[in-house]
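Engineer: what's the 3D shape of this:
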Amino acid sequence: MSGSLGPLSWGYVRRFGRVVFRQQQWKSTVSTHPKMPPCDFVPEKYKSYPYEHIQKIREQNISPSLRMYYKKPLLLHQGHMQWLFDYEGRRYLDLFAGIVTISVGHCHPKVTVATQKQLARLWHTTNIYMHPSIHEYAEKLASLFPDPLKVVFLTNSGSEANDLAMFMARLHTHNFDIISFRGSYHGCSPYTLGLTSIGPYKHGVANGFGCSTTMLPDVFRGPWGGRHCRDSPVQTLRKCSCSKGVCHANNQYIEQFKDTLNTSVPKTIAGFIAEPIQVQTGFGRTGSHFWGFQTHDVVPDIVTLAKGIGNGFPMAAVVTTKEIANSLAQNLHFNTFGGSPLACVVGAAVLDAIEEDGLQKNSRDVGTYMLLELAKLRDKFEIVGDVRGKGLMIGVEMVTDKHSRHPLPAEEINQIWEDCKDMGVLLGRGGLYNQTFRIKPPMCITKKDVDFAVEVFHTALQRHMERAAK
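Structural biologist: The predicted structure is shown next:
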């Protein structure tokens with residue numbers, strides 16, 4: 001069972017139900033921090049409260065449910081494209097993009113200029129009046145969707161968009177039950193918590209009535225599938241009974257879905273909601289298509305959009321058919337801030353930047369390069385269980401060993417994560433056991449940035465092995 005890690009030799013002992021690798025030979029290759037790529041941008045000098053005072057306010061006046069990353073939380077001051085700067089001027093490569101929200105880059109010049117012009121013209125009316133930006137944006141957004149998805153509802157957050165989508169599905173079908181995948185995230189509102197299927201978000205109070213879950217097709221951790229089953233440049237190492245180009249696991253997961261239909265819900269349901277890739281796909285972020293659902297060769301009845309839609313500005317949308325939209329028009333439905341002049345100008349500028357900067361192609365090219373480079377680390381380190389994704393939607397799942405696929409303990413993942421931050425790379429976290437590093441940078445990232453990030457991650461993994469060997 002001992003893994004082969006190139007020239008290194010490893011033994012193991014089983015202790016307390018988990019595999020602990022004991023290094024027999026190790027020559028440290030860890031040197032100083034990897035060199036960060038240059039950046040011409042110079043941040044302004046930080047002039048707000050001292051770090052300690054910010055911490056005190058956080059403890060006294062900010063809700064404790066808003067948890068922070070890292071042992072010493074970052075106090076960020078300014079951003080520029082793929083870079084973030086803290087209060088002391090330290091620069092970080094942002095590989096999480098504000099939880100996959102900064103699509104075209106922090107403070108992207110095109111988006112910033114458009115926002116400033118609209119701020120000086122008109123911040124807010126409501127949809128009881130017409131203003132040009134909502135009509136211009138709705139037309140631009142709808143043009144990117146296939147028929148018959150041409151009607152746009154603008155909201156302020158993804159949870160709100162999913163709330164509205166659930167409501168519309170129930171109104172239109174006259175049914176109530178909705179199915180989602182296990183492990184999915186669809187929001188934290190009382191309505192959408194029924195769809196969200198991750199334990200730490202469940203508070204033990206009634207929410208989301210009429211929501212059921214079904215098995216997620218997971219070719220790394222699930223019961224079926226393996227190295228021939230992914231639409232991705234990188235396949236899992238897990239052995240697979242499928243022949244190349246033919247995924248038999250697909251039918252087995254479909255049978256599980258049929259079991260859900262036969263046992264957990266009424267004969268007719270309001271809808272089935274699914275993320276094309278758990279958790280987000282973004283706008284052109286997968287590289288191959290603009291919308292994630294297009295990679296599956298389907299046209300949904302309703303599509304919800306948030307995260308990267310406003311590059312950090314709070315906005316979201318629901319796009320659907322005219323027939324379904326008419327179901328909501330039988331009575332009054334109103335959103336005070338959804339579709340404000342400011343939001344629509346921001347949204348339009350984001351779409352323009354994606355096209356003008358070639359960011360969908362960049363996501364494909366740079367994302368594929370990064371996936372392949374990270375796959376090399378998976379082949380070298382036993383604790384890197386899986387590398388998956390498409391374009392600039394990447395997950396790296398950490399395990400005790402590839403055979404058992406047990407999640408790497410939190411304290412070990414935390415230290416790798418902290419080491420990456422200390423060397424200037426910010427990573428996200430996710431997965432059922434918080435064991436997966438989420439890599440979703442601004443889509444303007446370069447191959448030089450990737451080289452730096454992979455070197456940092458490599459160094460952090462080597463340091464982990466040194467600690468484990470002591």
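Engineer: contacts only, for residue 432.
Structural biologist: 183, 198, 199 (CB atoms under 8 Å, 6 or more residues apart in numbering). For glycine as for every other residue, the C-beta is placed from the backbone atoms N, C-alpha and C.
Engineer: and it, how far is that from residue 111?
Structural biologist: Taking CB to CB, to the nearest Å as the measure, residue 432 falls 35 Å from residue 111.
Engineer: do the same with residue 274
Structural biologist: Residue 274 is 30 Å from residue 111, by CB to CB.
Engineer: against residue 256, how distant is residue 427?
Structural biologist: In this view, residue 427 and residue 256 are 32 Å apart by CB to CB.
Engineer: which of these two has more neighbours?
Structural biologist: residue 427 (23 against 15; other CB atoms under 10 Å).
Engineer: quick check: closest non-adjacent residue to that one.
Structural biologist: Closest residue in space to residue 427, ignoring its immediate chain neighbours: residue 437 at 4.8 Å, by CB to CB, 6 or more residues apart in numbering.
Engineer: confirm that the one you found sits in a helix.
Structural biologist: No. Residue state for residue 437 (DSSP: H, G, I helix; E, B strand; the rest coil) corresponds to strand; a helix is not indicated.
Engineer: which non-adjacent residue is nearest residue 339?
Structural biologist: Distances taken as CB to CB, 6+ apart place residue 154 nearest to residue 339, at 3.6 Å, with adjacent residues excluded.
Engineer: actually, residue 194.
Structural biologist: residue 208 (1.5 Å).
Engineer: using the three-state scheme, assign that neighbour.
Structural biologist: With three-state DSSP as the criterion, residue 208 reads coil.
Engineer: report the contact partners of it.
Structural biologist: Shown in contact with residue 208 (CB under 8 Å, 6+ apart): 190, 191, 192, 193, 194, 195, 196.
Engineer: do residue 450 as well
Structural biologist: Taking CB under 8 Å, 6+ apart as the criterion, residue 450 is in contact with 366, 369, 370, 373.
Engineer: helices or strands up against the helix or strand containing residue 119?
Structural biologist: In this structure, residue 119 is located in helix 109-121 according to DSSP states H and E. Secondary-structure packing of helix 109-121 (3 or more CB pairs under 8 Å, 6 or more residues apart in numbering; DSSP states H and E): helix 341-356.
Engineer: and the helix it packs on, what's buried?
Structural biologist: 341-351, 353-354 (16 or more other CB atoms under 10 Å).
Engineer: closest one of those to residue 326?
Structural biologist: residue 344 (22.8 Å; CB to CB).
Engineer: re earlier: contact partners of the one helix or strand the residue nearest to residue 339 maps to?
Structural biologist: Using DSSP H and E, residue 154 sits in strand 151-155. Strand 151-155 is contacted by residues 134, 137-138, 141-142, 161, 164, 315-322, 324-325, 328, 335, 338-339, 343-344 when judged by CB under 8 Å, 6+ apart.
Engineer: which among those count as buried?
Structural biologist: With burial judged by 16+ other CB under 10 Å, the buried subset of those is 134, 137-138, 141, 161, 164, 315-321, 324-325, 328, 338-339, 343-344.
Engineer: can you tell me which of these are in helices?
Structural biologist: Applying DSSP state H to those, the entries found in helices are 134, 137, 138, 141, 161, 164, 324, 325, 328, 343, 344.
Engineer: could you export these as TSV, including pLDDT?
Structural biologist: Converted to TSV, those look like this (pLDDT from 0 to 100):
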residue	pLDDT
134	96
137	98
138	97
141	98
161	97
164	97
324	98
325	97
328	93
343	97
344	97
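Engineer: out of these, which is nearest to residue 93?
Structural biologist: Closest approach to residue 93 among those (CB to CB): residue 343, at 28.5 Å.
Engineer: quick check: that closest one touching residue 310?
Structural biologist: Yes. Contact criterion CB atoms under 8 Å: residue 343 and residue 310 qualify, at 6.5 Å.
Engineer: tell me the spacing between the residue nearest to residue 194 and residue 156.
Structural biologist: For residue 208, the distance to residue 156 equals 20 Å [CB to CB].
Engineer: now the two most distant members of the contacts of residue 450.
Structural biologist: So, the contacts of residue 450 by CB to CB: farthest apart are 366 and 373, at 10.5 Å.
Engineer: so what's residue 308 up against?
Structural biologist: Shown in contact with residue 308 (CB under 8 Å, 6+ apart): 97, 100, 101, 102, 103, 104, 280, 282, 283, 285, 350.
Engineer: swap that for residue 457, please
Structural biologist: The neighbours of residue 457, taking CB under 8 Å, 6+ apart as the test, are 374, 377, 396, 420, 425.
Engineer: export those residues to a markdown table and tack on secondary structure and distance to residue 460?
Structural biologist: Below are the contacts of residue 457 laid out as a markdown table (DSSP: H, G, I helix; E, B strand; the rest coil; distance: CB to CB, whole Å):
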| residue | secondary structure | distance to residue 460 |
| --- | --- | --- |
| 374 | helix | 13 |
| 377 | helix | 10 |
| 396 | strand | 11 |
| 420 | helix | 5 |
| 425 | strand | 9 |
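Engineer: show the backbone phi and psi for the residue nearest to residue 194.
Structural biologist: phi 50, psi 50 (degrees, to the nearest 10).
Engineer: pLDDT score for it?
Structural biologist: Here the pLDDT value assigned to residue 208 is 86.
Engineer: what's the answer for residue 228, then?
Structural biologist: pLDDT at residue 228 comes out at 87.
Engineer: that one: neighbouring residues, count only.
Structural biologist: Other residues lying near residue 228 total 19 when counted by other CB under 10 Å.
Engineer: please apply the same query to residue 40.
Structural biologist: Applying other CB under 10 Å, I find that residue 40 has 5 neighbouring residues.
Engineer: so how far is residue 91 from it?
Structural biologist: Residue 40 is 12 Å from residue 91, by CB to CB.
Engineer: same question, residue 378
Structural biologist: 28 Å.
Engineer: of the two, which one has the most company?
Structural biologist: Taking other CB under 10 Å, residue 378 and residue 91 do not tie; residue 378 has more neighbours (20 against 17).
Engineer: next up, the contacts around the residue nearest to residue 280 when sequence neighbours are not counted.
Structural biologist: Sequence neighbours aside, residue 100 is the residue nearest to residue 280 in space, at 4.7 Å (criterion: CB to CB, 6+ apart). Taking CB under 8 Å, 6+ apart as the criterion, residue 100 is in contact with 279, 280, 282, 285, 307, 308, 428, 438, 440.
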